[in-house]
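**Q** Below are the sequence and a predicted model for it; my questions follow.
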Amino acid sequence: MITLTRAEGSLAEGQAPLKVAWVKEGRLLSQGEALDARLGGLLRRALEGVSLKEGESLLVAAPEGQVLLFGLGEDARSSGGRLAQALLRLRFPEALVEPLEDAYTLAEGLLLGAYRFQRHKSEKEEKALTLRLPGVTEGVLERARKVAEGVYLARDLVNEPPNLLTPEALAERALELRALGVEVEVLDEEAIASLGMGAFLAVAQGSENPPRFIRLRYAPPGARARLDLVGKGLTFDSGGYSLKPTESMTTMKGDMAGAAAVLGAMKSAALLGLPVEIRGYIAACENMISGRAYRVGDVLKTFSGKTVEVMNTDAEGRLTLADALFYAEREGAERILELSTLTGAAVVALGEEVAALFATELAWGSLVQEAAHRAGEKVWPMPLEKAYREKLKSPVADLKNVGDRNGGAITAALFLSEFVRVPLAHLDIAGPAFAKKGHPLGPEGGTGFGVRTILEVAQAL
Ligand code: BES
Ligand code: ZN
Ligand code: ZN
C-alpha cells in the first residue's frame, strides 16, 4: 500500500526520518542542493567519486535523519517506479521525496511501481509506504491516484487466475463499475445467441463456463465527444483443438488484457470525470477443448453476416472481436479503439515492450500514436497491407480466420478490419500486456498496458 501526500515547504525545510534527493550525472537537483547547503555539503561529499546510475542509490546519515541519494534517469515515470520499489525493499514506512519538474509523471511512476498482487498469498507483506512530496499540488496527486486506480484494476484482472476469473466473474467485476456511475449491461449466452453472434459463440462453446457479452457506457452530462472501445476478453486461451504447448499457455490467463484495459480506463475516466462519453464492449469467453468445442474446418456465421472458415482454433480472438466490433458499430460508434492480445507475430515483430498499432484511417491512427506517446506507453505503427488480404481467402466461406506463416499480425488486423466501416485503431498488445519479469513500473504479471493510452485518447477528443 502506497500513499502520496503533499507536504508544505521544501525538502530542506521539511522534517522526516528519510529524505530522498535525486542525483543526475553526479549532480543534485535544486531542492537537493538547498538541503545540502543546510547540511554543510554532506551530500556533495558523499557523492564524490561516486556515479549513481538510474535506480542506484546511496544512503547518507545526516544529523536530522537519513538522506537517500537516488539516481534519476531520462524518464521520470520509471525513475519514480524504481524509487518506490527501492523504498519498499528498504522497508522505510515514510519519506519526504524531492519532486521533479514533471511532478505528475513522477507521482504516476511512484504509484505504479509500488503495485503488488498478493490476493492469493497466505502471508501478505503489509508494507505501508507514505511518500510526502513538498510543493506538489493536491490536484496533481489526485489525478495520478485516479489513473493508477484504473491501471491497478487492469493488472488485478490480468493477474487473477483463470479458474476464478471466468467470463461470468469478469462480468461481475464490470458490474462493480456501476458504483461509479458507469452503465453496465451483461448479456448471457441466450441473449448472445439471439443476436446472432455466431463467431463469438463458436469460440465459447467448448467451455463449461458460459460466455458473457459486456457493454459499458460512461456518459457525463455535456460530453464533448464519444469514444468506443473494444477489448479482447478471453479469460483463458488453451488454443482449443489447435492446442497450445504448455509453455505458451502459461500466460494465457492474460488473454483478456484488452478487456482489462477497457475496464481500467472506464474506472479511471469515471473517477476523473473526463468530459467524454466512453462506451466499451467485451466479448468474454474461454477457448477450451471438449466434445462441444469448435473444430478446424467449421464454418461460422458472424454477427455481420459474413461467414468464416476456421483454419486454426487458436486464432480465436479475431472471431470474438469480429462480433464485438460489429456490435460497437451497430451501437453508433463513430470511431473505434480496440485492444487485444491478438498475435504472437506482433511479439516476434516488436518484442515484449512495444504494441503494434494498425489503423484503417491515418488521422485516427496518429491520434492514438501520439496519445500513447504522451502516456509513456510504447506503440509502433504497422501497415494494414491490402496485398495480404488474399491470404484470408477461403474456398468455402467469405474468409478464413488465418493467413499463412508470414505477416501474422497484419493478416489478423486485416481480418478485424473486415467487420467495421468506421475508422478503427487496433492495438495488438500481446507483447506488453504481460511482463514475464519485474520492471521499473511493477512486478511480473499484468502491466495494465493500454489504460493510460485510452485515457490520453479520450482527453484528446
Ligand atoms: N492469445 C494468442 C496471442 C498471444 C500470443 C498473446 C502470445 C500473448 C502472447 C492468440 O489467440 C493466438 O493464439 N494467436 C495465434 C494466431 C495464429 C494461430 C494465426 C498465434 O499468434 O500464434
Ligand atoms: Zn489463441
Ligand atoms: Zn488468444
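**A** Done, it's in. Residues are numbered from 1 along each chain as shown. Ligands and ions are numbered 1, 2, ... in the order given.
**Q** use CA for all of it now, contacts and neighbours both
**A** OK.
**Q** Apart from its neighbours in sequence, what residue is nearest residue 287?
**A** For residue 287, ignoring the flanking residues on the chain, the nearest one in space by C-alpha to C-alpha, 6 or more residues apart in numbering is residue 237 at 4.8 Å.
**Q** Other residues contacting stretch 264-277?
**A** Stretch 264-277 has contacts (C-alpha atoms under 8 Å, 6 or more residues apart in numbering) with 143, 146-154, 177, 180-182, 217-227, 278, 280, 448, 451-452, 454-455, 458-459, 461.
**Q** typo on my end, it should be stretch 179-194
**A** 171, 174-175, 177-178, 201, 210-219, 266-267, 270-271.
**Q** so for that stretch, what's the average pLDDT?
**A** For stretch 179-194, mean pLDDT is 98.
**Q** end-to-end on it?
**A** From its first residue to its last, stretch 179-194 covers 29 Å (C-alpha to C-alpha, to the nearest Å).
**Q** List the buried residues in that stretch.
**A** Neighbour-count burial for stretch 179-194 flags 182, 183, 184, 185, 186, 187, 189, 192 (criterion: 16 or more other C-alpha atoms under 10 Å).
**Q** before we move on, the earlier item: and the contacts of stretch 264-277, which of them are buried?
**A** Buried among the contacts of stretch 264-277 (16+ other C-alpha under 10 Å): 143, 146-154, 177, 182, 217-220, 226-227, 278, 280, 448, 451-452, 454-455, 458.
**Q** Of these, which belong to strands?
**A** Among the buried ones among the contacts of stretch 264-277, DSSP state E puts 217, 218, 226, 227, 278, 280 in strands.
**Q** Switch those over to CSV; also include pLDDT and distance to ligand 2.
**A** As requested, these are exported to CSV (pLDDT from 0 to 100; distance: C-alpha to the ion, whole Å):
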residue, pLDDT, distance to ligand 2
217, 98, 28
218, 98, 30
226, 98, 31
227, 98, 27
278, 98, 28
280, 98, 22
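**Q** which of those residues lies closest to residue 364?
**A** residue 227 (11.5 Å; C-alpha to C-alpha).
**Q** Quick check: the gap between the closest one and ligand 1.
**A** With distances taken as C-alpha to the nearest ligand atom, to the nearest Å, residue 227 is found 25 Å from ligand 1.
**Q** residues in contact with that residue?
**A** 276, 277, 278, 279, 333, 334, 335, 336, 337, 458.
**Q** which among these end up buried?
**A** 276, 277, 278, 279, 333, 335, 336, 337, 458.
**Q** Tell me the one among these nearest to residue 325.
**A** Of all the buried ones among the contacts of residue 227, residue 336 has the smallest distance to residue 325: 8.1 Å, by C-alpha to C-alpha.
**Q** For the nearest residue to residue 93 once chain neighbours are set aside, give its distance to residue 250.
**A** Closest residue in space to residue 93, ignoring its immediate chain neighbours: residue 129 at 4.6 Å, by C-alpha to C-alpha, 6+ apart. Residue 129 sits 32 Å away from residue 250, going by C-alpha to C-alpha.
**Q** Compare these two (neighbour count), which wins?
**A** Shown here are residue 129 and residue 250; by other C-alpha atoms under 10 Å, residue 129 has more neighbours (19 against 13).
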